[in-house]
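A.B. asks: A predicted structure for the sequence below; I have some questions about it.
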Amino acid sequence: MLFDTHVHLNADQFDEDREETIQRAEEAGVTYMTVVGFDRKTIPLAIEIAETHEHIYAAVGWHPVDAVDMTDEELDWIEELSAHPKVVAIGEMGLDYHWDKSPADVQKTVFKKQIRLAKKVNMPIIIHNRDATEDIVEVLKEENAEEIGGIMHCYNGPVEIAEECVKMNFMISLGGPVTFKNAKQPKDVAAAIDLDHLLVETDCPFLAPHPNRGKRNEPAYVTLVAEKVAEIKGLSYEEVSEKTMSNALDFFGINR
C-alpha cells in the first residue's frame, strides 16, 4: 500500500481518462493520494476529485509562477477552502526562479502570506522549489514555518539542506528523479535521510520515473519511486511503502 503525496489529477492531461488512471493506481496498490490545486482552475477540481473518492485528499494553494495573479481575494478563498474536510494542506507554494512570469519579490510576498495563512488555520504546507533553495530556507526560517511543518515536494537538493529542513519539521518527498540514472542528489538524500522523514510522490503528469521517463506520469508509477528508495536504503519494498504511507497519514492527520 502506498500514499502518493503529490498528484495533479486535476491537470488537463487527465481529462480523457481520469477515472481509469485512478483505477490503475488502486490496482497497483496506491491506496491514498493528495491532489494539489494551485490556481483558480485547478483548486476546485482538486476538491471535487477528493470529494468523490474516499481515499483521495486535496491541498489548496497558489503556485509561485502565478504569484503576480494572486490577490487578497484569492488568499481569502484559500482560507475558506481550508476548512473543507478533505483539504489536508496549504500549497503548493514557494519560489520558482526558472520561469520569469512573477518577479522574485512578488513571489516572496505571496509565499509569506500563504505561510501566515497556514499558521492561522493550523495546517501544514507543501513547498515548490525551483532554483531557489537558499531563499526558500530563508523565508521558512523568517516565518517560523517549523510551527506547522510541511513537505519539501519533489526534493532535488543537497543532503545538507534536506537535513536542515527535517530539523524545521519538514518531510522530504522524493519523486521520479530519484530513479533517473544520472540524478545523484536525490539518491544521496534517499540514502541519508531516515525513513521516518521520507515520503514518496509522482508529481504526475510530470517527471515520470524510469523506465517511463518522457511519458505522461501517473500515480501508479509511484511504485517505481518506492522500489528505488528501497533499493538505495537496502530495505524491502513493503517496508518502504508501508512506512511512507504511515508517515503521510500521520503528517496529513488522516485517520486510518
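C.D. replies: Structure received.
A.B. asks: would you list every one of the strands in the chain?
C.D. replies: Using DSSP state E, the strands of the chain run over residues 2-7, 30-37, 56-60, 87-96, 125-130, 150-152, 170-174, 198-200.
A.B. asks: I'd like those as TSV, with distance to A183, mean pLDDT and mean neighbour count appended.
C.D. replies: Just so you know, the C-beta spots here come from the backbone N, C-alpha and C atoms, and that holds for glycine as well. Supplementary listing: the strands of the chain in TSV, determined by distance: least, CB to CB, whole Å; pLDDT from 0 to 100; neighbours: other CB atoms under 10 Å:
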stretch	distance to A183	mean pLDDT	mean neighbour count
strand 2-7	17	98	30
strand 30-37	22	98	26
strand 56-60	25	98	26
strand 87-96	19	98	27
strand 125-130	15	98	24
strand 150-152	16	98	28
strand 170-174	10	98	26
strand 198-200	15	98	26
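A.B. asks: JSON lines please, covering the ones you listed and showing distance to F252.
C.D. replies: Compiled in JSON lines, the strands of the chain are given as follows (distance: least, CB to CB, whole Å):
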{"stretch": "strand 2-7", "distance to F252": "8"}
{"stretch": "strand 30-37", "distance to F252": "7"}
{"stretch": "strand 56-60", "distance to F252": "6"}
{"stretch": "strand 87-96", "distance to F252": "4"}
{"stretch": "strand 125-130", "distance to F252": "10"}
{"stretch": "strand 150-152", "distance to F252": "9"}
{"stretch": "strand 170-174", "distance to F252": "10"}
{"stretch": "strand 198-200", "distance to F252": "10"}
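A.B. asks: what residues are up against the residue nearest to E79 when sequence neighbours are not counted?
C.D. replies: Nearest non-adjacent residue to E79, counting by CB to CB, 6 or more residues apart in numbering: L117, 5.6 Å away. Counting by CB atoms under 8 Å, 6 or more residues apart in numbering, L117 touches L75, I78, E79, S82, I90.
A.B. asks: nearest residue to H98 other than its sequence neighbours?
C.D. replies: Nearest in space to H98, with sequence neighbours left out and distances taken as CB to CB, 6+ apart, is R130 at 4.6 Å.
A.B. asks: distance of that neighbour from E92?
C.D. replies: 11 Å (CB to CB, to the nearest Å).
A.B. asks: just V178 next, same as before
C.D. replies: Note on V178: its distance to E92, by CB to CB, is 19 Å.
A.B. asks: Next, count neighbours for R24.
C.D. replies: When counting by other CB atoms under 10 Å, one arrives at 15 neighbours for R24.
A.B. asks: Could you export stretch 18-27 as PDB, keeping only the C-alpha atoms?
C.D. replies: Output in PDB follows, covering the C-alpha atoms of stretch 18-27 (Å, rounded to 0.1, in the frame of the first residue of the first chain):
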ATOM      1  CA  ARG A  18      -9.100  10.400 -15.000                       C
ATOM      2  CA  GLU A  19     -11.100   7.600 -13.500                       C
ATOM      3  CA  GLU A  20      -9.200   5.000 -15.400                       C
ATOM      4  CA  THR A  21      -5.900   6.500 -14.100                       C
ATOM      5  CA  ILE A  22      -7.200   6.300 -10.500                       C
ATOM      6  CA  GLN A  23      -8.300   2.700 -11.100                       C
ATOM      7  CA  ARG A  24      -4.800   1.800 -12.400                       C
ATOM      8  CA  ALA A  25      -3.300   3.300  -9.300                       C
ATOM      9  CA  GLU A  26      -5.500   1.400  -7.000                       C
ATOM     10  CA  GLU A  27      -4.700  -1.800  -8.800                       C
END
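A.B. asks: Pull out the buried positions in that stretch.
C.D. replies: If you call a residue buried by 16 or more other CB atoms under 10 Å, then stretch 18-27 has these buried ones: T21, I22, A25.
A.B. asks: Of the residues you listed, just say which sits nearest to V60.
C.D. replies: Using CB to CB, I22 is the member of the buried residues of stretch 18-27 that sits closest to V60, with 19.7 Å.
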